[in-house]
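Peer 1: Mind folding the following:
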Amino acid sequence: MSGMRILILYESVTGNAKGMARILQLFFEREGATVTVGQMQQTDAAVMANYDAVIISTYTWLGGIVPPPVNDFYEDIPQVDLSKPVVVGVAGTGDPWYGKDYNTAPDLFDAAFEKAGAVVGAEPVKIEQGAEKSDMPAFAAFVKAIIAKVKDVQGHAKE
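Peer 2: Residues are numbered from 1 along each chain as shown. You can find the predicted model right below:
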């Protein structure tokens, strides 16, 4: 597992999604991965192809869409060839007040990643507002699923 390269990108206004990114970073590092953390809007989507796994930490904007500051990044995802394959996963934070639009951005990101040929390594983790101690088992399971999927696809690539 040494040498597994993970890119965690976030978009955060309140700090909740950035907090999730930092928690995920710690879980991946505990598993021995090399982790790079950055902001989506400051990242060229093409760099995702250089990693074993890409994790998105986001919130959902009014109307159930991806946050407007990351529209360009989001729209670039399907143009990137992630069929190496790159394993992806999305963590979302939301407010149940939004009803049917609650935490829908993770599903939009997963769909964009699938168009790029990426392998979705885990169901999105969706939490309410800021991460709490009770969310940690979900983050731990998410990280373990991503790592297992990376090992699986890399094992098949070597055959």
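Peer 1: now the worst-scoring helix or strand of the chain on mean pLDDT, how far from the chain's geometric center?
Peer 2: Using mean pLDDT, DSSP states H and E, the weakest-scoring helix or strand in the chain turns out to be helix 136-158, at a mean of 93. Centroid separation for helix 136-158 versus its chain: 13 Å, with C-alpha atoms, centre = their mean, to the nearest Å.
Peer 1: residues in contact with that helix?
Peer 2: 1, 4, 6, 20, 23-24, 27-28, 31, 33, 52-53, 55, 84-85, 87, 89, 91, 119, 121-123, 125, 127, 131 (C-beta atoms under 8 Å, 6 or more residues apart in numbering). Yep, even glycine has a C-beta here, placed from its N, CA and C like the rest.
Peer 1: just checking, which of the residues you listed belong to strands?
Peer 2: I6, A53, I55, V87, G89, A91, V119, V125, I127 (DSSP state E).
Peer 1: Got a quick ChimeraX command for the buried subset of those residues?
Peer 2: In ChimeraX, a selection of the buried entries from those looks like this (16 or more other C-beta atoms under 10 Å):
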select :6,53,55,87,89,91,119,125,127
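Peer 1: G130 touches T93, doesn't it?
Peer 2: Yes - counting by C-beta atoms under 8 Å, T93 is a contact partner of G130 at 7.2 Å.
Peer 1: That'll do, ta.
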